[in-house]
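Novice: when you get a sec, could you give me coordinates for this:
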Amino acid sequence: MKSVGILGAGSFGTALAIHAARGDRDVVLWARRRELVEQIQRTRLNEDYLPDVQLPMRLRPTTDMAEVAACELVLVAVPSHGFREAVRGLLTHQDPRRPATLVSATKGVEVETQARMSDVVFEEGMAADREVRYAVLSGPSFAAELARGMATAAVLASEEAGLAAAIQEELASEKLRLYTSGDVVGVELGGASKNVIAIAAGVVSGLGLGYNTSAALITRGLHEITRLGVAYGGQQRTFAGLAGLGDLVLTCTGGLSRNRQAGMDLAAGKSGDEIASGQMVAEGIRNSLAIQRLAHKRSVEMPITEQVVEIIYDDKPARQALAELMGRELKAEAEL
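Specialist: Next up is the predicted model:
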């Protein structure tokens, strides 16, 4: 593949574009806002999202979806609430004589429909009467560190083993180690639901609680994520890997985590609406509702997620939420 397109010029989309452009290929980075494209062209910096990283010359910013559609491989890195529109626009412009190859780098679930990103791609492909080959990229990967060339490992999951292997070969480098998986469901739900647990971790930190509390929260959060993923057909071992435990630990503890910061803001008294209106998207704010609804559909117990939703949307005091979690009925740890 000599051309790669990236839909979404936020921090992670830009980081992926920088990584791809460091190889022997041309990269097209699509942004919705013309002023952002013009600023990137002028300064070779994405001052809104990654202001400290110079963009390679083989990276070309654009607002023209047709330029991305002409690429052999397209990575979609827009927020989950804009994912459907972006995929629909892309398929409109792509050559119908060849299958579209899409990689989702979006860690979320559609709130209104509870559709995973693979579901959205399937639905939009059917509506456009197009063949779409799909994979999902997930794992512990802060955009700023990937863009700076710090060693990163992630997972590429696809139901087509050959496709996952081909994309792995194309995008892996000495700075980005990629593993393949066939568990699309597990990788997608791991990436989406860990954001909600990270908000809870941020609340714990914002309240000044200790490492004991944080460790317990992360561990029990992993139980919740695993229960949900298995209920929807994911493989339990996926959640012990990079797309589960690895991503969860990073997002719950790392200083660059938007979702952790959102939790700290909640602990400081900010409302969910205030946080959601910021430029940097914390996917867990919106996706807490989607994850809660998915859990209810399959009668999956997710007490941390329930409390996060009540803190964000019902203004429940964070300390009350913690007290209710600690006061739940006692049980054996091995119960999944």
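
Novice: so where's the stretch 101-250 of the chain shaky on pLDDT?
Specialist: Filtered on pLDDT under 70, the stretch 101-250 of the chain yields no residues whatsoever.

Novice: strands along that one, start to end?
Specialist: 132-138, 152-157, 176-181 (DSSP state E, counting those that start in this stretch).

Novice: closest one to Glu188 among the ones you listed?
Specialist: strand 132-138 (5.5 Å; Cβ to Cβ). C-beta: built from backbone N, CA, C; applies to glycine.

Novice: for that closest one, C-alpha coordinates in CSV please.
Specialist: Backbone C-alpha positions of strand 132-138 (Å, rounded to 0.1, in the frame of the first residue of the first chain) are rendered in CSV as follows:
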residue,chain,number,x,y,z
VAL,A,132,-16.2,-3.2,3.0
ARG,A,133,-13.2,-5.0,4.6
TYR,A,134,-12.9,-4.0,8.2
ALA,A,135,-10.4,-4.0,11.1
VAL,A,136,-10.2,-2.3,14.4
LEU,A,137,-7.0,-0.8,16.0
SER,A,138,-6.9,-0.5,19.7
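
Novice: orientation of that strand relative to strand 152-157 in degrees?
Specialist: Orientation check (axes from the mean of the first three to the mean of the last three Cα atoms, to 10 degrees): strand 132-138 against strand 152-157 gives 150 degrees.

Novice: deepest of the strands of the stretch 101-250 of the chain, which one?
Specialist: strand 132-138 (a mean of 25; mean count of other Cβ atoms under 10 Å).

Novice: give me the residues contacting it.
Specialist: By Cβ atoms under 8 Å, 6 or more residues apart in numbering, the list of residues contacting strand 132-138 from outside reads 75, 91, 99-105, 107, 117-118, 121-122, 124-125, 154-160, 163-164, 167, 178, 184, 187-188, 190-191, 242-243, 247.

Novice: make JSON lines out of the strands of the stretch 101-250 of the chain and add distance to His296.
Specialist: Written out in JSON lines, the entries for the strands of the stretch 101-250 of the chain read as follows (distance: least, Cβ to Cβ, whole Å):
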{"stretch": "strand 132-138", "distance to His296": "24"}
{"stretch": "strand 152-157", "distance to His296": "25"}
{"stretch": "strand 176-181", "distance to His296": "27"}
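
Novice: closest to Glu67 out of the ones you listed?
Specialist: For those, distance to Glu67 was read as Cβ to Cβ. The smallest value, 19.1 Å, belongs to strand 132-138.

Novice: quick one: distance of that closest one to the chain centre.
Specialist: Counting by Cα atoms, centre = their mean, to the nearest Å, strand 132-138 is centred 13 Å from the centre of its parent chain.

Novice: the stretch 151-300 of the chain: helices as residue ranges?
Specialist: If you assign secondary structure with DSSP state H, counting those that start in this stretch, the helices in the stretch 151-300 of the chain sit at 161-171, 184-206, 211-231, 247-253, 258-267, 272-276, 283-297.

Novice: give the contact list for the residue nearest to Leu29 when sequence neighbours are not counted.
Specialist: In space, Leu29 comes closest to Ala17 once its chain neighbours are excluded; the distance is 4.3 Å by Cβ to Cβ, 6 or more residues apart in numbering. Taking Cβ under 8 Å, 6+ apart as the criterion, Ala17 is in contact with 4, 6, 9, 27, 29, 55, 59.

Novice: thank you kindly, that will do.
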